[in-house]
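> What shape does this take:
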Amino acid sequence: NMEEILSFYVNVEVKLLPAKQQSGNKRTYKRILSTLCHQIISVLNLYLLNREDRVCHVVMKVKLNLQSGESKDLLNILYGNFLTKRPKEKSDLEFCRAYILYQKWKTIRKPDDWEKMDEVMYNLHERTPDSIKSSPILKQILLPQNNSILDTLTHISEKHLIISEEYFKYIKSNKLHEDNIIASGIDDIEIQDDDIISDLV
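Model prediction:
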(Lines give C-alpha, C1' and ligand atoms only; values in the text may rest on other atoms or scores of the structure.)
Protein backbone atom coordinates (compact mmCIF):
# COMPACT_ATOMS: atom_id res chain seq x y z
CA ASN A 1 0.00 0.00 0.00
CA MET A 2 1.63 3.23 -1.16
CA GLU A 3 -0.01 5.33 1.56
CA GLU A 4 1.49 3.09 4.26
CA ILE A 5 4.94 3.18 2.64
CA LEU A 6 4.88 6.98 2.43
CA SER A 7 3.56 7.29 5.99
CA PHE A 8 6.57 5.24 7.11
CA TYR A 9 8.88 7.49 5.06
CA VAL A 10 7.51 10.71 6.57
CA ASN A 11 7.61 9.29 10.09
CA VAL A 12 11.28 8.37 9.60
CA GLU A 13 12.09 11.88 8.35
CA VAL A 14 10.32 13.41 11.34
CA LYS A 15 12.16 11.09 13.72
CA LEU A 16 15.57 11.83 12.18
CA LEU A 17 15.16 15.61 12.04
CA PRO A 18 16.73 16.31 15.48
CA ALA A 19 19.91 14.52 14.34
CA LYS A 20 20.04 16.65 11.19
CA GLN A 21 19.93 19.83 13.22
CA GLN A 22 23.65 20.24 13.99
CA SER A 23 23.87 24.01 13.87
CA GLY A 24 22.56 26.48 16.40
CA ASN A 25 22.10 29.04 13.63
CA LYS A 26 18.40 29.89 13.31
CA ARG A 27 18.64 30.74 9.60
CA THR A 28 20.36 27.43 8.82
CA TYR A 29 17.77 25.57 10.86
CA LYS A 30 14.89 27.22 8.97
CA ARG A 31 16.55 26.36 5.67
CA ILE A 32 16.83 22.71 6.72
CA LEU A 33 13.14 22.69 7.67
CA SER A 34 12.07 24.38 4.44
CA THR A 35 14.11 21.99 2.27
CA LEU A 36 12.81 18.92 4.08
CA CYS A 37 9.19 20.12 3.92
CA HIS A 38 9.42 20.77 0.18
CA GLN A 39 11.01 17.33 -0.28
CA ILE A 40 8.23 15.60 1.67
CA ILE A 41 5.43 17.44 -0.15
CA SER A 42 7.04 16.76 -3.53
CA VAL A 43 7.44 13.05 -2.78
CA LEU A 44 3.83 12.73 -1.58
CA ASN A 45 2.44 14.46 -4.66
CA LEU A 46 4.69 12.51 -7.03
CA TYR A 47 3.96 9.02 -5.72
CA LEU A 48 0.28 9.67 -5.00
CA LEU A 49 -0.29 11.31 -8.40
CA ASN A 50 -1.35 14.62 -6.84
CA ARG A 51 -4.33 12.92 -5.21
CA GLU A 52 -5.39 15.35 -2.49
CA ASP A 53 -7.34 12.76 -0.50
CA ARG A 54 -4.48 10.25 -0.43
CA VAL A 55 -1.88 12.90 0.47
CA CYS A 56 -4.08 13.91 3.40
CA HIS A 57 -4.36 10.26 4.42
CA VAL A 58 -0.58 10.07 4.72
CA VAL A 59 -0.38 13.30 6.74
CA MET A 60 -3.17 12.02 8.99
CA LYS A 61 -1.04 8.93 9.74
CA VAL A 62 2.12 10.86 10.64
CA LYS A 63 2.93 10.30 14.30
CA LEU A 64 3.12 13.24 16.67
CA ASN A 65 6.20 13.48 18.88
CA LEU A 66 5.32 16.13 21.43
CA GLN A 67 8.70 15.69 23.13
CA SER A 68 10.70 16.89 20.10
CA GLY A 69 10.76 20.59 19.35
CA GLU A 70 12.28 19.95 15.92
CA SER A 71 9.55 17.47 15.00
CA LYS A 72 6.87 19.93 16.09
CA ASP A 73 8.50 22.67 14.00
CA LEU A 74 8.46 20.45 10.91
CA LEU A 75 4.86 19.32 11.38
CA ASN A 76 3.77 22.88 12.08
CA ILE A 77 5.02 23.94 8.64
CA LEU A 78 3.53 20.87 6.92
CA TYR A 79 0.12 21.43 8.49
CA GLY A 80 0.31 25.13 7.67
CA ASN A 81 0.92 24.45 3.99
CA PHE A 82 -1.83 21.86 3.70
CA LEU A 83 -4.45 23.57 5.84
CA THR A 84 -4.28 27.30 5.10
CA LYS A 85 -5.26 27.08 1.42
CA ARG A 86 -8.84 27.22 0.19
CA PRO A 87 -9.81 23.73 -1.01
CA LYS A 88 -11.03 23.16 -4.56
CA GLU A 89 -13.37 20.41 -3.42
CA LYS A 90 -15.83 21.04 -0.56
CA SER A 91 -17.31 17.60 0.08
CA ASP A 92 -18.14 16.26 3.54
CA LEU A 93 -15.21 13.86 3.42
CA GLU A 94 -12.82 16.63 2.37
CA PHE A 95 -13.95 18.64 5.40
CA CYS A 96 -13.51 15.56 7.59
CA ARG A 97 -9.87 15.28 6.56
CA ALA A 98 -9.25 18.97 7.19
CA TYR A 99 -11.02 18.85 10.56
CA ILE A 100 -8.97 15.86 11.70
CA LEU A 101 -5.71 17.49 10.64
CA TYR A 102 -6.65 20.72 12.41
CA GLN A 103 -7.18 18.73 15.62
CA LYS A 104 -3.70 17.23 15.20
CA TRP A 105 -2.28 20.68 14.47
CA LYS A 106 -3.79 22.05 17.67
CA THR A 107 -1.79 19.57 19.74
CA ILE A 108 1.44 21.35 18.76
CA ARG A 109 0.04 24.89 18.98
CA LYS A 110 -0.71 27.02 22.02
CA PRO A 111 -4.32 26.88 23.31
CA ASP A 112 -4.51 30.63 22.68
CA ASP A 113 -4.27 29.84 18.93
CA TRP A 114 -7.12 27.34 18.83
CA GLU A 115 -10.04 29.74 18.48
CA LYS A 116 -8.40 31.53 15.54
CA MET A 117 -7.51 28.18 13.95
CA ASP A 118 -11.15 27.08 14.14
CA GLU A 119 -12.21 30.36 12.56
CA VAL A 120 -9.76 29.88 9.66
CA MET A 121 -10.86 26.26 9.17
CA TYR A 122 -14.58 27.02 9.05
CA ASN A 123 -14.08 30.04 6.78
CA LEU A 124 -11.88 28.17 4.29
CA HIS A 125 -14.33 25.30 4.06
CA GLU A 126 -17.48 27.42 4.26
CA ARG A 127 -18.77 25.47 7.23
CA THR A 128 -20.00 26.15 10.74
CA PRO A 129 -19.97 24.00 13.89
CA ASP A 130 -23.64 23.27 13.19
CA SER A 131 -22.64 21.75 9.83
CA ILE A 132 -21.20 18.78 11.67
CA LYS A 133 -24.47 18.06 13.47
CA SER A 134 -26.62 18.50 10.36
CA SER A 135 -24.63 16.16 8.09
CA PRO A 136 -25.06 12.40 8.73
CA ILE A 137 -21.55 11.69 7.40
CA LEU A 138 -19.85 14.39 9.47
CA LYS A 139 -21.82 13.44 12.55
CA GLN A 140 -20.91 9.76 12.20
CA ILE A 141 -17.19 10.42 11.76
CA LEU A 142 -16.52 13.55 13.82
CA LEU A 143 -19.00 12.93 16.65
CA PRO A 144 -18.66 9.20 17.35
CA GLN A 145 -20.70 7.74 20.19
CA ASN A 146 -18.73 6.92 23.35
CA ASN A 147 -19.73 3.76 25.16
CA SER A 148 -18.07 4.33 28.51
CA ILE A 149 -16.51 6.93 30.78
CA LEU A 150 -13.07 5.67 29.68
CA ASP A 151 -14.03 6.16 26.04
CA THR A 152 -15.19 9.68 26.85
CA LEU A 153 -11.90 10.55 28.56
CA THR A 154 -9.95 9.11 25.63
CA HIS A 155 -12.09 11.08 23.21
CA ILE A 156 -11.25 14.31 25.02
CA SER A 157 -7.49 13.72 25.33
CA GLU A 158 -6.88 12.04 21.97
CA LYS A 159 -9.68 13.39 19.80
CA HIS A 160 -7.73 13.30 16.55
CA LEU A 161 -6.92 9.60 17.02
CA ILE A 162 -10.55 8.66 17.61
CA ILE A 163 -11.97 10.55 14.65
CA SER A 164 -9.11 9.44 12.38
CA GLU A 165 -10.04 5.85 13.16
CA GLU A 166 -13.71 6.59 12.47
CA TYR A 167 -12.81 8.26 9.17
CA PHE A 168 -10.76 5.33 7.87
CA LYS A 169 -13.44 2.88 9.02
CA TYR A 170 -16.01 4.85 7.03
CA ILE A 171 -13.78 4.95 3.94
CA LYS A 172 -13.13 1.21 4.14
CA SER A 173 -16.74 0.22 4.79
CA ASN A 174 -17.99 2.34 1.90
CA LYS A 175 -15.07 1.44 -0.39
CA LEU A 176 -14.50 5.09 -1.23
CA HIS A 177 -11.45 6.32 -3.14
CA GLU A 178 -12.59 9.77 -4.29
CA ASP A 179 -10.79 9.57 -7.62
CA ASN A 180 -12.12 12.96 -8.63
CA ILE A 181 -10.16 14.85 -5.98
CA ILE A 182 -6.90 16.15 -7.40
CA ALA A 183 -4.38 18.37 -5.68
CA SER A 184 -2.54 21.25 -7.27
CA GLY A 185 0.77 20.47 -9.00
CA ILE A 186 4.14 20.44 -7.30
CA ASP A 187 5.03 23.72 -8.97
CA ASP A 188 2.20 25.39 -7.05
CA ILE A 189 3.61 24.39 -3.66
CA GLU A 190 4.85 27.23 -1.52
CA ILE A 191 6.78 26.62 1.66
CA GLN A 192 5.77 29.02 4.39
CA ASP A 193 7.96 29.65 7.39
CA ASP A 194 6.73 29.47 10.97
CA ASP A 195 6.28 33.22 11.29
CA ILE A 196 3.93 33.38 8.31
CA ILE A 197 1.88 30.48 9.63
CA SER A 198 1.66 32.16 13.03
CA ASP A 199 0.20 35.24 11.35
CA LEU A 200 -2.38 33.15 9.50
CA VAL A 201 -3.68 31.38 12.55
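> Name all residues that make contact with the residue nearest the centre of the chain.
Most central in the chain under Cα atoms, centre = their mean is Leu101, positioned 3.3 Å from the mean C-alpha point. Leu101 sits next to 56, 59-60, 79, 82-83 when contact means Cβ atoms under 8 Å, 6 or more residues apart in numbering. Backbone N, C-alpha and C define where each C-beta goes, glycine included.
> Now list the buried members of the residues you listed.
With neighbours counted using 16 or more other Cβ atoms under 10 Å, those contain these buried positions: 56, 59-60, 79, 82-83.
> Take the contacts of Leu101 and keep only those in strands.
Secondary structure defined by DSSP state E assigns none of the contacts of Leu101 to strands.
> out of those, who's nearest Pro18?
Taking Cβ to Cβ as the measure, Tyr79 is the one of those closest to Pro18, at 18.8 Å.
> who touches the closest one in this structure?
Applying Cβ under 8 Å, 6+ apart to Tyr79 gives the contacts 59, 101-102, 104-105.
> can you tell me the helix or strand for Asp73?
Counting by DSSP states H and E, the secondary-structure element that holds Asp73 is helix 69-83.
> which one of the contacts of Leu101 is nearest Leu16?
Within the set of the contacts of Leu101, Val59 lies nearest Leu16; the separation is 17.7 Å, counting by Cβ to Cβ.
> what's the closest of the contacts of Leu101 to Lys72?
Tyr79 (10.2 Å).
> Now do stretch 107-118, average pLDDT.
If you average the pLDDT over stretch 107-118, you get 94.
> Name the residues of that stretch that come out as buried.
Of the residues in stretch 107-118, those with enough neighbours to count as buried (16+ other Cβ under 10 Å) are 108-109, 117.
> ok, which stretches of the chain are helices?
In chain order, the chain shows helices spanning 2-20, 26-47, 52-61, 69-83, 92-106, 111-125, 129-134, 136-142, 149-157, 159-174, 194-200, with DSSP state H as the criterion.
> ok, back up a step: mind putting the buried residues of stretch 107-118 in a markdown table, distance to Glu126 included?
Putting these into a markdown table (distance: Cβ to Cβ, whole Å) gives the following:
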| residue | distance to Glu126 |
| --- | --- |
| Ile108 | 26 |
| Arg109 | 23 |
| Met117 | 16 |
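> Tyr47: which of those is nearest?
The shortest distance between Tyr47 and any of those, using Cβ to Cβ, involves Ile108 and amounts to 25.5 Å.
> What distance do you get for the closest one to Arg51?
Counting by Cβ to Cβ, to the nearest Å, the gap from Ile108 to Arg51 is 26 Å.
> Tell me who's in contact with the residue lying closest to Phe82 once chain neighbours are set aside.
The spatially closest residue to Phe82, leaving aside those adjacent along the chain, is Val59, at 6.2 Å (Cβ to Cβ, 6 or more residues apart in numbering). Contacts for Val59 (Cβ under 8 Å, 6+ apart) come out as 10, 44, 78-79, 82, 101.
> Of those, just say which sits nearest to Glu166.
Distance ranking of the contacts of Val59 against Glu166, using Cβ to Cβ, places Leu101 first at 14.4 Å.
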